[in-house]
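J.: Dropping a prediction and its sequence here:
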Amino acid sequence: MRAVAFVLVLSSACAPSEADTADAGGDHRVDAATVWVDSHVGPTADAQLPTGADAAQLEGRNGYPGDFPELTDLGGFGAGETIQGFGGDTTTDRAGNRAAISHRPVILLHGNGTTATDETFGMTRLRDKLLAAGYTAAEIWAPSYLGQSVSSAETPTPYRNNIDDVRQFIDAVIDYLDVPRVDVIAHSLGCGMINGYLRGLASAGSFDAADHRIDRIGTVVCLGGALYGTGYGFLYQPEFDVGGTFTSAGLQWNGIEDATPYGATSEAQMIAPSTGQLPGNKPFKLATSDDDGSRRIYYVALWANGDVVDGSLPGACGLQGADLNQGFDLPDTMPGVLTAALARHAHLVDDQGVFDALLPYLDL
């Protein structure tokens, strides 16, 4: 059993009351992607994956098949550790996992201050839903890219500190399974991590288009991400400041503002274009010469209305040009979670309606 720290963006909509603060104890650290309360509000065990053949993966080294390469965490909280998490069928080897692929594999990226196996903010419940939808264990992978013992948010530069870990993990899965592309479902901070992977974010904080991975991704699903920054991003520059240098660079592609490179070419291709939930009230981006269908990437942006990110900057979770932009009214309670806004954020990874909305965009 371990105590879990929880996400909290400090805004007028969702900041804890004085009573909450007194009860929780500890200090409150603002992280603009998702801000974590650095206090223990209840013991939570790491989630146990279902028993049975498809869940046997946790029996292997670090939750991966025995012949999957051992990767060393290169930065951030987990620096120097072996990257743990779960993925693949540990009852077999590379050849067996490759033989079990019938869908495009899915990478699951958790948010800040947590791990892939944490039961509240981790990725095991999404894994269960994918298994129930017909995916095999060989097709589902999730790294604990912040380290396995993280208990608070990493600030102020978690993207650049951990991008090398995410990049090497996704590249290793693609090589191990011998597939051309993978799909990604990311939650909170994980949304910025996959954005950095696509655009060639370097650990120095710059974006190098020559190191992009555009051709390795089929679908990007962002759950409660904050690629445009958050309402309190100015407190943790440079990575979450709305309109800041880093944030703006992270939305550029080939010198043009493009939140969804190689995405839809017209608003007509979007399932649910939003007219008021995207920054600047722009439902669609300026289509670029890259949006020619040659390397089509599908984008989905889903959020919980009034959660810790949406509550700090309405529209921050949308993506201009995404095939689907949609907000959900999610439950505002969860055992052990400090605030209603935080509970809504956590439910993004376990709500069936959210999963049903994103599933049709996988494996296209």
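T.: Perfect, thanks for sending it.

J.: use CA for all of it now, contacts and neighbours both
T.: Will do.

J.: Okay, buried residues for stretch 134-150 please.
T.: 135-148, 150 (16 or more other CA atoms under 10 Å).

J.: swap that for stretch 317-337, please
T.: Here stretch 317-337 shows 317-328, 330-333, 336-337 as buried, counting by 16+ other CA under 10 Å.

J.: Next: stretch 174-192.
T.: Buried residues in stretch 174-192 (16+ other CA under 10 Å): 174, 176-177, 181-192.

J.: who's in contact with that stretch?
T.: Residues outside stretch 174-192 that contact it (CA atoms under 8 Å, 6 or more residues apart in numbering) are 33-34, 68, 94, 97-98, 104-112, 159, 194, 215-227, 348-349, 362-363.

J.: Gly87 and Ser144 touch, don't they?
T.: No. The pair Gly87 / Ser144 is not scored as a contact, 10.9 Å apart, by CA atoms under 8 Å.

J.: Overlap of the contact sets of those two?
T.: If you check Gly87 and Ser144 against CA under 8 Å, 6+ apart, no residue is contacted by both.

J.: Report the secondary structure state of the residue lying closest to Tyr159 once chain neighbours are set aside.
T.: Here the nearest residue to Tyr159 in space, its sequence neighbours aside, is Met193; by CA to CA, 6 or more residues apart in numbering that works out to 6.1 Å. Under DSSP: H, G, I helix; E, B strand; the rest coil, Met193 falls in the helix class.

J.: Quick one: neighbours of Met193, just the number.
T.: 28 (other CA atoms under 10 Å).

J.: how about it, what does it touch?
T.: 109, 159, 162-163, 166.

J.: what do you get for Asp93?
T.: 65-67.

J.: just for the stretch 251-364 of the chain, where's the confidence low?
T.: For the stretch 251-364 of the chain, the stretches with pLDDT under 70 are 271-290, 292-293.

J.: For it, which segments count as helices?
T.: Secondary structure of the stretch 251-364 of the chain (DSSP state H, counting those that start in this stretch): helices located at 340-347, 352-358.

J.: Mean neighbour count for these - can I get that in TSV?
T.: Listed next are those as TSV, based on neighbours: other CA atoms under 10 Å:
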stretch	mean neighbour count
helix 340-347	26
helix 352-358	15
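
J.: Would you mind giving the ones you listed as TSV with distance to Ile170 added?
T.: Putting these into TSV (distance: least, CA to CA, whole Å) gives the following:
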stretch	distance to Ile170
helix 340-347	24
helix 352-358	20
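
J.: and the gap between the residue nearest to Tyr159 and Leu338?
T.: The gap separating Met193 from Leu338 is 25 Å, by CA to CA, to the nearest Å.

J.: burial measure for the residue lying closest to Arg199 once chain neighbours are set aside, as a count.
T.: In space, and not counting its chain neighbours, Arg199 is closest to His212: 4.7 Å by CA to CA, 6+ apart. Using other CA under 10 Å, His212 has 16 neighbouring residues.

J.: Surely His212 is in contact with Tyr197?
T.: Yes. Judged on CA under 8 Å, His212 makes contact with Tyr197 at a distance of 6.7 Å.

J.: Helix 340-347 and whichever strand or helix holds Ile185, what's the angle between them?
T.: Per DSSP states H and E, Ile185 falls inside strand 182-187. Relative orientation of strand 182-187 versus helix 340-347 (axes from the mean of the first three to the mean of the last three CA atoms, to 10 degrees): 160 degrees.

J.: Thanks a lot, catch you later.
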